[in-house]
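*Asks:* My questions concern the predicted model and sequence given below.
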Amino acid sequence: MNKSVKCAIMYYILWRLTMKIKLLLILFITLFAINIFAGSLTYSPDDKSYSISFPISWLIFEQDNGNTMLALAPEKKGDPFRETVLVTKEYVGNNTNIEFYLFNALKNIKNKYPSFVKEGEKNIIIDNIYAKEIKYSVEENGVRVNAKLIIVFTRGNALKFFFLSDQKDSKNFKNIFDEIQKSIKLR
């Protein structure tokens, strides 16, 4: 083989290698950009008493000057119930305790939904603060809704985090709700 053929072969091999490296570099940059923009939506009321993050595809609504926040999962065709996270904030001062507040909250839910079934209760920690978690289900417009209620007291406020999904989608949303719950930060 003469020198010019060897040189041409070497040039071709280097050119192919360079193209592979360029393609890998483009792929890496694309994946990096996707991760940057995939992100999440983070909500915090004006008083910054808490923050909570949701998948980017969710819709977030604020009411009552930040005392109520509603986050809705994307709408699914043919699904009568949209998975929801509802957060309410109520000033309670230092004149009540979480057990009494929980008792009254459950009493209100039972009065509103005669189909109420309590499925469990436990103590948990949210951002290093003691909280109560209650799992229950209710019937809403012919749909069985599974709910998780988390109550936490911070700086004189009672924060109630409701995680709501219809019974048939509960397993699909469990991991999403767990990630949303992990994102809660308290001031």
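*Replies:* Great, that's in hand. Numbering: from 1, shown residues only.

*Asks:* Could I get the full set of helices for the protein?
*Replies:* For the chain, applying DSSP state H gives helices covering 3-38, 98-112, 170-182.

*Asks:* Can I get the shortest one as CSV, trimmed to CA atoms?
*Replies:* Included here for helix 170-182 are C-alpha records, laid out as CSV according to Å, rounded to 0.1, in the frame of the first residue of the first chain:
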residue,chain,number,x,y,z
SER,A,170,-54.1,6.2,43.3
LYS,A,171,-51.2,3.8,42.5
ASN,A,172,-50.1,5.9,39.5
PHE,A,173,-50.0,9.1,41.6
LYS,A,174,-48.5,7.6,44.8
ASN,A,175,-44.9,8.3,43.7
ILE,A,176,-45.7,11.7,42.3
PHE,A,177,-47.5,12.7,45.6
ASP,A,178,-44.5,11.3,47.6
GLU,A,179,-42.1,13.5,45.6
ILE,A,180,-44.4,16.5,46.0
GLN,A,181,-44.5,15.8,49.8
LYS,A,182,-40.7,15.6,50.0
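
*Asks:* which helices and strands does it pack with?
*Replies:* strand 50-55, strand 143-154, strand 157-166 (3 or more C-beta pairs under 8 Å, 6 or more residues apart in numbering; DSSP states H and E). To be clear about C-beta, it is placed using only N, CA and C from the backbone, and glycine gets the same treatment.

*Asks:* what angle separates the second one from helix 98-112?
*Replies:* Counting by axes from the mean of the first three to the mean of the last three C-alpha atoms, to 10 degrees, strand 143-154 points 160 degrees away from the direction of helix 98-112.

*Asks:* Can you show me the CA trace of strand 143-154 as PDB?
*Replies:* Provided in PDB are the C-alpha atoms of strand 143-154 (Å, rounded to 0.1, in the frame of the first residue of the first chain):
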ATOM      1  CA  VAL A 143     -66.100   8.700  42.200                       C
ATOM      2  CA  ARG A 144     -64.200   7.100  45.100                       C
ATOM      3  CA  VAL A 145     -61.500   9.600  46.100                       C
ATOM      4  CA  ASN A 146     -58.400   8.500  48.100                       C
ATOM      5  CA  ALA A 147     -57.000  11.300  50.200                       C
ATOM      6  CA  LYS A 148     -54.000  11.900  52.300                       C
ATOM      7  CA  LEU A 149     -54.200  14.900  54.700                       C
ATOM      8  CA  ILE A 150     -51.000  16.300  56.400                       C
ATOM      9  CA  ILE A 151     -51.400  18.800  59.100                       C
ATOM     10  CA  VAL A 152     -48.400  20.700  60.400                       C
ATOM     11  CA  PHE A 153     -48.200  23.700  62.800                       C
ATOM     12  CA  THR A 154     -45.600  26.400  62.100                       C
END
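
*Asks:* buried residues in that strand?
*Replies:* Within strand 143-154, the residues that count as buried by 16 or more other C-beta atoms under 10 Å are Val145, Asn146, Ala147, Lys148, Leu149, Ile150, Ile151, Val152, Phe153, Thr154.

*Asks:* so who does the closest residue in space to the fifth one that isn't next to it in sequence touch?
*Replies:* Pointing back at Leu149 there. Spatial nearest neighbour of Leu149, excluding adjacent residues (C-beta to C-beta, 6 or more residues apart in numbering): Ile134 at 4.7 Å. Neighbour list for Ile134: Leu102, Leu106, Lys118, Gly120, Glu121, Lys148, Leu149, Ile150, Ile151 [criterion: C-beta atoms under 8 Å, 6 or more residues apart in numbering].

*Asks:* Appreciated, that's everything.
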